[in-house]
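Q: here is my input, please return the structure:
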Amino acid sequence: MPDDVATVVPPTTRWRPNIKPSMYWPLGLLAAAVLYFIYSYLDLFFRAQVIPPGLHEFMNTYLPLLNINEALVYVMAALGLNVVVGYAGLLDLGFVAFWAIGGYTVGWLASDFFYGQRVSFFGSQFSKVNNIPGFHFNIWTVLIVAGILCAIAGIIIGAPTLRLKSDYLALVTLGFGEIIFELSFNGDNLFGANVTNGNRGISPTDYPRFLAFTPDGAITWRDLLPSDGLPKYILFCFLAAMLMWGSLRIREGRLGRAWLAIREDELAASMMGVPLMRTKLAAYAIGAVAGGIAGVAFVIHVNGVYPDQLKFSISITLLAMVVLGGMGNVWGVTIGALLLAWTNSTLLKEAQIAIESSEAAGNAISVVLAIIGVALVVTGALLVRRQRPGLILVFIGVPLLVISAILAFAKGSVSFQFFIFGVVLIS
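A: All right, here's what the predicted structure looks like:
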């Protein structure tokens with residue numbers, strides 16, 4: 001062969017998984033859920049053999065199963081609010097009302113609340129064996145009924161607001177949430193009937209029958225006790241996954257495209273033939289169904305309906321989750337809900353404990369805030385002097401200087417939980 005003839009070497013090919021980019025988030029969340037389940041299972045049944053003490057201590061402090069289950073409940077509710085706010089662009093400040101309706105549905109259909117009746121439909125084995133009065137329906141029936149009641153409530157709240165926008169819509173939905181909150185406290189004498197049992201709530205509710213584990217780790221089917229956190233984790237993951245799947249499927253369909261059109265330009269959408277009344281009511285109804293499912297899951301989580309847990313702050317937290325994750329983005333809302341729920345339940349408490357227990361940590365945070373505050377104030381003043389926009393930097397820097405001074409002199413007597421929560425939201 002002549003020396004001037006080039007030899008063609010075929011390129012080496014590396015095997016890569018044929019995964020669509022749209023599947024990265026769902027597969028990532030699935031992998032995280034499975035890994036956490038494997039760890040929790042091994043930690044619960046085989047801790048001494050396979051789980052190092054340091055890992056157990058870390059996970060028990062920062063990622064306890066109880067807090068993860070509560071975070072999954074918030075994910076369900078945030079996905080429902082994402083339909084209303086993220087898809088259709090309808091501001092809702094009373095979403096906790098659907099959470100409450102779903103919770104009270106469990107209290108009505110899975111407890112001894114109606115002690116004058118004895119109706120059971122594949123309910124808990126405990127209520128059947130002990131012949132407990134009241135309605136005792138299985139968890140799937142309760143979920144369906146809660147979804148129907150919340151959909152009706154969503155239509156009721158949506159009907160008067162069809163012509164409202166912006167702040168006026170927020171005020172009406174806020175009023176609806178507060179009405180439900182007051183009814184939960186004063187519903188023990190509603191026109192002579194006991195509907196909510198007042199401030200005592202409805203407790204305990206029935207134990208749902210679901211997959212569980214025996215003391216040696218084998219799978220069984222029985223009532224879930226309050227201590228069965230791992231089976232509840234499986235149930236909540238399944239419910240959250242179904243809501244994610246349904247939310248994505250609806251968004252890709254005709255109804256979802258109509259919601260997005262209304263969010264972008266309501267007038268243009270109506271001119272293109274989108275029925276505004278029917279489409280908005282559908283957004284309220286479908287979003288409310290997810291809120292009701294979250295309410296049912298929360299009652300399973302705490303084993304009761306308590307009116308003092310149905311506060312307005314839940315609606316604001318859910319709205320923050322939707323905004324943080326990106327309105328209309330299912331995966332972003334899911335991550336935002338998990339992050340803020342974990343921040344509320346774990347990060348704020350642990351950070352406050354660290355500041356209070358460590359003088360060095362408090363001093364370090366004080367110095368860092370002081371440096372950032374001085375830098376912002378000086379930069380803002382220089383920009384203002386040069387007639388450039390910099391006043392906002394001064395407004396941010398001065399509070400940071402005040403906080404650093406308080407932290408330096410007051411030490412651990414000041415709570416910085418809201419400050420940390422604000423930093424997480426801004427970040």
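Q: low-confidence ranges in the stretch 1-150 of the chain?
A: Flagging of the stretch 1-150 of the chain using pLDDT under 70 yields the residue ranges 1-17.
Q: I'd like to know how many residues surround residue 327.
A: Number of residues near residue 327 (other C-beta atoms under 10 Å) recorded here: 17. C-beta coordinates here come from the backbone N, C-alpha and C atoms, glycine included.
Q: the closest residue to it other than its chain neighbours: how many residues sit nearby?
A: Closest residue to residue 327 apart from its sequence neighbours, by C-beta to C-beta, 6 or more residues apart in numbering: residue 86 at 3.7 Å. Other residues within reach of residue 86, judged by other C-beta under 10 Å, total 28.
Q: a helix runs through residue 86, doesn't it?
A: Yes. Counting by DSSP: H, G, I helix; E, B strand; the rest coil, residue 86 is part of a helix.
Q: isn't it right up against residue 319?
A: No. Contact criterion C-beta atoms under 8 Å: residue 86 and residue 319 do not qualify, at 10.4 Å.
Q: quick one: mean pLDDT over stretch 394-411.
A: Stretch 394-411 shows a mean pLDDT of 72.
Q: same question for stretch 340-352.
A: 83.
Q: now the end-to-end length of that stretch.
A: The first and final residues of stretch 340-352 sit 16 Å from each other (C-alpha to C-alpha, to the nearest Å).
Q: how far does it sit from the chain's center?
A: 14 Å (C-alpha atoms, centre = their mean, to the nearest Å).
Q: now stretch 50-69
A: Relative to where its chain is centred, stretch 50-69 has its mean C-alpha point 21 Å off (C-alpha atoms, centre = their mean).
Q: so for that stretch, what gets flagged as buried?
A: Going by neighbour count (16 or more other C-beta atoms under 10 Å), the buried part of stretch 50-69 is 59, 65, 67, 68, 69.
Q: got the CA positions of that stretch in PDB?
A: What follows is stretch 50-69, C-alpha atoms only, in PDB (Å, rounded to 0.1, in the frame of the first residue of the first chain):
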ATOM      1  CA  VAL A  50     -26.000  -2.400  57.400                       C
ATOM      2  CA  ILE A  51     -26.600   1.200  58.500                       C
ATOM      3  CA  PRO A  52     -23.700   3.100  60.100                       C
ATOM      4  CA  PRO A  53     -24.500   5.000  63.200                       C
ATOM      5  CA  GLY A  54     -23.300   8.300  61.700                       C
ATOM      6  CA  LEU A  55     -25.600   7.900  58.700                       C
ATOM      7  CA  HIS A  56     -28.600   7.000  60.900                       C
ATOM      8  CA  GLU A  57     -28.000  10.100  63.100                       C
ATOM      9  CA  PHE A  58     -27.700  12.400  60.000                       C
ATOM     10  CA  MET A  59     -30.800  11.100  58.300                       C
ATOM     11  CA  ASN A  60     -32.800  11.100  61.500                       C
ATOM     12  CA  THR A  61     -31.900  14.700  62.100                       C
ATOM     13  CA  TYR A  62     -32.100  16.200  58.600                       C
ATOM     14  CA  LEU A  63     -34.400  13.800  56.600                       C
ATOM     15  CA  PRO A  64     -36.700  12.000  59.100                       C
ATOM     16  CA  LEU A  65     -39.500   9.900  57.600                       C
ATOM     17  CA  LEU A  66     -42.200  11.900  59.400                       C
ATOM     18  CA  ASN A  67     -41.100  15.200  57.700                       C
ATOM     19  CA  ILE A  68     -40.700  13.600  54.300                       C
ATOM     20  CA  ASN A  69     -44.300  12.300  54.500                       C
END
